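Undergrad: Predicted coordinates and the sequence they were generated for:
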Amino acid sequence: MRVALLGSGRGSNAEAVLLAQQDGRLGAARVIGIWSDLPGAGILGLGPRFGVPAAFLDPGPFRTKFSPERERAWADALRTAGADLIVLAGFMRVLKAPFLGAFPRRIINLHPSLLPAFPGLDGIGQTWRSGAAEGGCTVHWVTAEVDGGAHLGQARVARRPDDTQETFAARIHEAEHRLLPAVIADLARGASR
């Protein structure tokens, strides 16, 4: 299974996937490239570190979505690269029909809450401010509904009495780094049957 990683930030979840690949924990999955919508995103620096192509692709004029033309251009680039699975690892854009239609049931997202609770931006902050006894993360299929696709896996993180939002967030990020590679490996096992 040829995996494309898409991200907009520092790339800690993408790094977890690449480390899992390096350690043989991705099974039949192999990362074929990293793409970012921000030219200075830290995720692009992972490419040279792990020997994986990394590229900035122009997202167009909008901050949180693509124009239909740019969305088609991104889909074309990933199709040309031969991606079987698209992994949104901190990718801060909402995908629409041109992209979703190009990769039906082949795009997954990692979200920092126990969906369906707290979809959208700042899942950890939403969880913290709610006073919930636990938070966590969810890997799900990407659909037209933001954070609304079927769940592929979740990891729960209890809120401790001595937690600050920062310590709570750090433990959720640790859970993300375990969950995302495990889900990718599971999907690759299913695809190879």
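TA: On my side now, so go ahead. Numbering: from 1, shown residues only.
Undergrad: can we go C-alpha only for contacts and neighbour counts from here?
TA: Fine.
Undergrad: hmm, who's touching the worst-scoring helix or strand of the chain on mean pLDDT?
TA: Scoring the helices and strands of the chain by mean pLDDT, DSSP states H and E places helix 97-102 at the bottom, with a mean of 90. Contact partners of helix 97-102, identified using C-alpha atoms under 8 Å, 6 or more residues apart in numbering, comprise 68, 71, 72, 74, 75, 107, 142, 143, 144.
Undergrad: and with 7 Å instead?
TA: Under the criterion C-alpha atoms under 7 Å, 6 or more residues apart in numbering, residues 68, 71, 72, 75 lie in contact with helix 97-102.
Undergrad: any idea which of these has the most stuff around it?
TA: Using other C-alpha atoms under 10 Å as the neighbour criterion, residue 71 leads the contacts of helix 97-102 with 21 neighbours.
Undergrad: Report all helices and strands that the helix ranked longest in the chain contacts.
TA: For the chain, the helix with the greatest residue count under DSSP state H is helix 165-191. Using 3 or more C-alpha pairs under 7 Å, 6 or more residues apart in numbering; DSSP states H and E, the elements in contact with helix 165-191 are helix 12-22, strand 134-141, strand 151-158.
Undergrad: Looking at strand pairing, list the partners for residue 111.
TA: Legend: beta-bridge partners of residue 111 under DSSP bridges are residue 138.
Undergrad: shaky segments in the chain?
TA: 191-193 (pLDDT under 70).
Undergrad: what's next to stretch 134-147, contact-wise?
TA: Contact partners of stretch 134-147, identified using C-alpha under 7 Å, 6+ apart, comprise 96, 105, 107-115, 119-120, 127, 149-159, 172, 176, 180.
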